[in-house]
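A.B. asks: Predicted model follows, preceded by the sequence.
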Amino acid sequence: MGAMQEDRSAGNSNDDTRVTQGRYDRQAGLFDFMEAPVEFVAFKSLRKKLWSEVSGGRLLEIGVGTGKNLGYHPEGSRSVAIDLSPRMLERAVRRAERSGSQVDLILADAQHLPFRDDVFDAAAATFVFCSVPDPVLGLGEVSRVVRDDGRIHLLEHVRSGNSIIGRIMDLLNSLAVRLSGANINRDTVSNVARVMKVDSVASRGFGIIKVIRASAKRASTREPIAGSEPGR
């Protein structure tokens, strides 16, 4: 319960992945403090709503971070949660121990998940695929490890559909990545559609926040996964 395990393949990632890992390691100590205002105003209720619809015996959380979602994992499920950052994961371990959460915490890269095909009943992630260096590769991995037609639940911030705001987000994206590790101009709904069946999309926060419900594609229908364009 709450013990951190290491998947050594995470250490063999490319330069972009190592840079992302370093960014989140550096901010781990202040991460919850920095996010506290927006967490209180919006994110906490959105997390709770997303996880209220997650069900299944074996669940995967991608990008567990400091463990903010652990209290929302459904009772009776067997949960596995991964993160790329050792320091973020250390905080998730402490949170799991304090709360008594029944979860296996693993240091691993979302782009190279250390699990066999079709092993999970469902998966969930909150504000993760904005920072995965190759989001399409990572989403394809999630689709691979979730059983055929298993549900995938995502809460993400995306590029605004407003042309002016979207252009501003494009211009500010490089700065946002350097400061926080998160891209603010990705079209995550389109990325999801490349490797999964999109079941529904709900918008929040003037269309910048998306609640995406999707289903894993059957192995026979999965297309070869090509990397996504930078910033998308």
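C.D. replies: Alright, I've got the coordinates.
A.B. asks: ok, Pro114 to Val103 distance?
C.D. replies: Going from Pro114 to Val103 by Cβ to Cβ, to the nearest Å gives 16 Å. The way it works is simple: take the backbone N, C-alpha and C, and place the C-beta from them, glycine included.
A.B. asks: Same question for Lys48.
C.D. replies: Distance of Lys48 to Val103, computed by Cβ to Cβ: 17 Å.
A.B. asks: that older thread, when Pro114 and Val103 are compared, which one has more neighbours?
C.D. replies: Using other Cβ atoms under 10 Å as the criterion, Pro114 and Val103 rank with Val103 on top: 25 against 17.
A.B. asks: you'd agree the more buried one is up against Ile82?
C.D. replies: No: judged on Cβ atoms under 8 Å, Val103 makes no contact with Ile82 at a distance of 10.5 Å.
A.B. asks: Are there residues contacting both of the two? Which ones?
C.D. replies: Glu61 (Cβ atoms under 8 Å, 6 or more residues apart in numbering).
A.B. asks: What residues of stretch 166-185 count as buried?
C.D. replies: Neighbour-count burial for stretch 166-185, with 16 or more other Cβ atoms under 10 Å as criterion, is recorded at Gly166, Met169, Asn173, Val177, Ser180, Gly181, Ala182, Asn183, Ile184, Asn185.
A.B. asks: Contacts only, for the fifth one.
C.D. replies: Going back to what we said before, that points to Ser180. Contacts of Ser180 (Cβ under 8 Å, 6+ apart): Arg23, Gln27.
A.B. asks: gap between it and Arg18?
C.D. replies: 17 Å.
A.B. asks: Show the subsequent helix or strand relative to the lengthiest strand in the chain.
C.D. replies: Longest strand of the chain, by residue count under DSSP state E: strand 146-157. Following strand 146-157 in sequence order, the next helix or strand is helix 163-180 (DSSP states H and E).
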